[in-house]
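Q: Predicted model and sequence follow; I will ask about them next.
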Amino acid sequence: MIWSLKKSAQADTLAQPPAGPIVAMRNLEKFFETAAGRSYVLRQITCDIAPGDFVTIMGPSGAGKSTLLSILGMLD
């Protein structure tokens, strides 16, 4: 059996990273309604993450780190 490989036109060009940020957040907010009013978990979060960036999310317990990751992962 003879195998032949066909080159596609796209194979000649190298994959270029996206021109803009991979993740862009603008004024992201998350709150819960309570009897006393709105309780904000995240308030006006703005951030751009570019290709190749290494990002660490740090903060005290209850600061909203897991909530932010849930939103970024499209779970919430």
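A: Looks like it came in fine. These figures come from a predicted structure and were not determined experimentally. Numbering: from 1, shown residues only.
Q: which stretches of this structure form helices?
A: For the chain, the helices defined by DSSP state H occupy 65-72.
Q: quick one: low-confidence ranges for it?
A: 1-15, 17-18 (pLDDT under 70).
Q: Next, count neighbours for Leu68.
A: 20 (other Cβ atoms under 10 Å). Every C-beta, even on glycine, is put in place using the N, C-alpha and C of the backbone.
Q: ok, it - contacts?
A: By Cβ atoms under 8 Å, 6 or more residues apart in numbering, Leu68 lies in contact with 28, 42, 45, 57.
Q: The first one: neighbour count?
A: Close neighbours of Leu28, defined as other Cβ under 10 Å, add up to 16.
Q: That one against Tyr40, yeah?
A: No - the pair Leu28 / Tyr40 is not scored as a contact, 11.1 Å apart, by Cβ atoms under 8 Å.
Q: Now intersect the contacts of Leu68 with the strands, please.
A: 28, 42, 45 (DSSP state E).
Q: Find the residue closest to the first one in space, skipping its chain neighbours.
A: This points to Leu28. Ile45 (4.1 Å; Cβ to Cβ, 6 or more residues apart in numbering).
Q: got a list of what the one you found touches?
A: For Ile45, the contact set (Cβ under 8 Å, 6+ apart) comprises 25, 27-29, 68.
Q: Which pair of those residues spans the longest distance?
A: Greatest spacing in those, by Cβ to Cβ: Asn27 and Leu68 (13.5 Å).
Q: show me where this structure has strands.
A: Under DSSP E, the chain gives strands at 23-34, 37-49.
Q: I'd like those strands laid out as a markdown table, including distance to Leu72.
A: Listed next are the strands of the chain as a markdown table, based on distance: least, Cβ to Cβ, whole Å:
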| stretch | distance to Leu72 |
| --- | --- |
| strand 23-34 | 7 |
| strand 37-49 | 9 |
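Q: Asp76: which of those strands is closest?
A: Comparing those by Cβ to Cβ, strand 23-34 comes nearest, at 7.7 Å.
Q: Take that closest one, keep the C-alpha atoms, and write them as PDB.
A: Taking C-alpha atoms only, strand 23-34 is exported to PDB below (Å, rounded to 0.1, in the frame of the first residue of the first chain):
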ATOM      1  CA  VAL A  23      -9.200  37.000  28.000                       C
ATOM      2  CA  ALA A  24     -10.700  40.400  28.400                       C
ATOM      3  CA  MET A  25     -12.800  41.400  31.400                       C
ATOM      4  CA  ARG A  26     -14.400  44.800  31.600                       C
ATOM      5  CA  ASN A  27     -16.200  46.000  34.800                       C
ATOM      6  CA  LEU A  28     -17.100  42.400  35.900                       C
ATOM      7  CA  GLU A  29     -19.500  42.300  38.900                       C
ATOM      8  CA  LYS A  30     -21.100  39.500  40.800                       C
ATOM      9  CA  PHE A  31     -23.500  40.100  43.700                       C
ATOM     10  CA  PHE A  32     -26.100  38.200  45.700                       C
ATOM     11  CA  GLU A  33     -29.400  39.700  46.800                       C
ATOM     12  CA  THR A  34     -29.900  39.500  50.600                       C
END
